[in-house]
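Trainee: Here is a sequence with its predicted model. Questions after.
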Amino acid sequence: MKRYETTTIIDPDVSEEARIQFLDRIQDIITQRDGYIAKLDLWGVKKLAYEVRKKTRGYYALFDFCGTGNIVDEMERIFRIDDRCIKFMTILLADSVTIEGVKEEIAQKEAAQRAKAAEKAALEAQVANNENFDGSLDDTVDNPLDSDDAEE
């Protein structure tokens with residue numbers, strides 16, 4: 001099994017219902033042919049770098065999936081036929097992967113993101129506590145600049 005990443009640009013004038021139907025159709029192609037969808041990332045409507053089919057904006061969707069070449073062939077056939085798809089591109093991420101390995105990789109990335117979010121929250125809490133500090137110092141601490149020895 002190989003790992004692929006497909007980015008597709010959907011016509012932004014299409015209704016949300018039609019867009020969801022189109023994306024569901026692509027997901028069904030992957031799952032019906034024993035593929036595994038690692039990630040579906042919907043970027044939303046973005047400005048295109050150049051005009052495509054007289055459109056200057058497009059709805060971006062990214063599929064990260066595992067499967068065989070016949071899944072990619074069928075997806076790209078649908079992209080070419082369906083007018084809702086303005087442009088698409090598929091790249092090969094890895095030649096030989098297992099679904100278990102991909103699931104494990106995703107779990108590790110999610111754990112790292114959770115740890116990073118917890119660290120960020122702890123840092124923000126520490127900053128908030130420092131903002132509550134009134135600036136007064138404990139009198140028991142000697143300031144070396146206040147001593148008579150500092151003048152010499």
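Mentor: Great, that's in hand.
Trainee: list the contacts for G67?
Mentor: Contacts for G67 were tallied using CB atoms under 8 Å, 6 or more residues apart in numbering; they are M1, K2, Y4, I30, R33, D34, G35, Y36. (C-beta placed from N, C-alpha, C; glycine too.)
Trainee: Now do the strands in this protein.
Mentor: Per DSSP state E, the chain carries strands over the ranges 2-10, 36-52, 55-67, 85-94.
Trainee: Can you give the strand pairings for the second one, parallel or anti for each?
Mentor: Note on strand 36-52: by DSSP bridges, its sheet partners are strand 55-67 (antiparallel).
Trainee: in the protein, which residue is closest to the centre?
Mentor: Compute the mean C-alpha point of the chain, and by CA atoms, centre = their mean the closest residue is D41, 6.0 Å away.
Trainee: Name the nearest residue to that one, ignoring sequence neighbours.
Mentor: Distances taken as CB to CB, 6 or more residues apart in numbering put L62 closest to D41, at 4.2 Å, once the chain neighbours are dropped.
Trainee: neighbours around the closest residue to R53 other than its chain neighbours, how many?
Mentor: Nearest non-adjacent residue to R53, counting by CB to CB, 6+ apart: I86, 5.5 Å away. Using other CB atoms under 10 Å, the number of residues around I86 comes to 20.
Trainee: if I pick I86, what's in contact with it?
Mentor: Remark: with contacts taken as CB under 8 Å, 6+ apart, I86 is in contact with I9, I10, D11, V52, R53, K55, G58.
Trainee: was I right about the second one contacting Y59?
Mentor: Yes: under the criterion of CB atoms under 8 Å, I10 is in contact with Y59, at a separation of 4.2 Å.
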